[in-house]
Each structure stands twice: as C-alpha cells, then as structure tokens.
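Engineer: Show me the folded form of this:
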Amino acid sequence: MFPCTSTLPDFSYRIGGNMTITVPGSYLNFATVDKAGTTCFGGMQSDASVGFSIFGDVALKAAFVVFDGGNKQLGFATKSLTNVATAKGNTTQTSGKAQTGSTHGRNGH
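Structural biologist: Numbering: from 1, shown residues only. You can find the predicted model right below:
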C-alpha cells in the first residue's frame, strides 16, 4: 500500500530473451483502500511466498497477448500505451515487435 498521490516507477519484464514489455507506473495504481481515497493498493504483488509469478491484468494490458491453447503457447507483442494518469493522454511509443513462447516459463526476470 502507498499514498495515492505517489508517482510509481515503470515496471519492465522480459519475454523470451529479446523482448521487453514495460508497464507504465500509472497502470500499477490498482485501487484505493480507504474511504478518504488517500491510500492505494498496487496492481502487482510479490511472488516470494509462492515461487512462481502470475501475469494478471496489470501486466497483460501493457502488451498484445494471444493465448494459443492448442499449441500451449502465448504470443506477445508490444503496443503503444497511454499514461492513464494524464488528462491529455501522453503516449509512450513502442516498437510493435512480436514474440511467442511456451506457457511453462517463469516471469522472465
């Protein structure tokens, strides 16, 4: 938990070995936890106690992701993102490269 007025850093994760997906810090502020709206809960949590990572909506909405159940693969591609915290929609351009990989891996750190 953190003050809702915090500016959170961007979070990057690696897919495959040659693709990096960056989640803007503004995407990481998940929800307020108090009625005053001053304390917020982050959209990513530590995986230290479970030994593996789960990619949830916060990580997945920062990329194009295709689930290929028949071939047991995930496909990832970078995309242009809008900073959700700015009223004018400041954008960060990304390259649009694609990568596919097995669903068996850890989070790529």
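
Engineer: Where in the protein is the helix or strand with the lowest mean pLDDT?
Structural biologist: strand 91-92 (a mean of 35; mean pLDDT, DSSP states H and E).

Engineer: what about the helices in the chain?
Structural biologist: 57-60 (DSSP state H).

Engineer: where along it do the strands fall?
Structural biologist: Under the criterion DSSP state E, the chain contains strands at 2-3, 11-15, 19-23, 29-32, 39-42, 63-68, 73-78, 81-82, 91-92, 98-102.

Engineer: buried stuff in the fifth one?
Structural biologist: Taking 16 or more other Cβ atoms under 10 Å as the neighbour-count basis, strand 39-42 is seen to contain the buried residues Cys40, Gly42. The C-beta positions use only the backbone N, C-alpha and C, and glycine is treated the same way.

Engineer: and stretch 73-83, which residues are buried?
Structural biologist: Residues Leu74, Gly75, Phe76, Ala77, Thr78, Leu81, Asn83 are the ones in stretch 73-83 that count as buried (16+ other Cβ under 10 Å).

Engineer: just checking, the first one touches Phe67?
Structural biologist: It stands for Leu74. Yes: with contact defined as Cβ atoms under 8 Å, Leu74 counts as touching Phe67 (6.1 Å).

Engineer: quick check, nearest of the buried residues of stretch 73-83 to Cys4?
Structural biologist: Distance to Cys4, by Cβ to Cβ, is smallest for Asn83 among the buried residues of stretch 73-83, at 16.1 Å.
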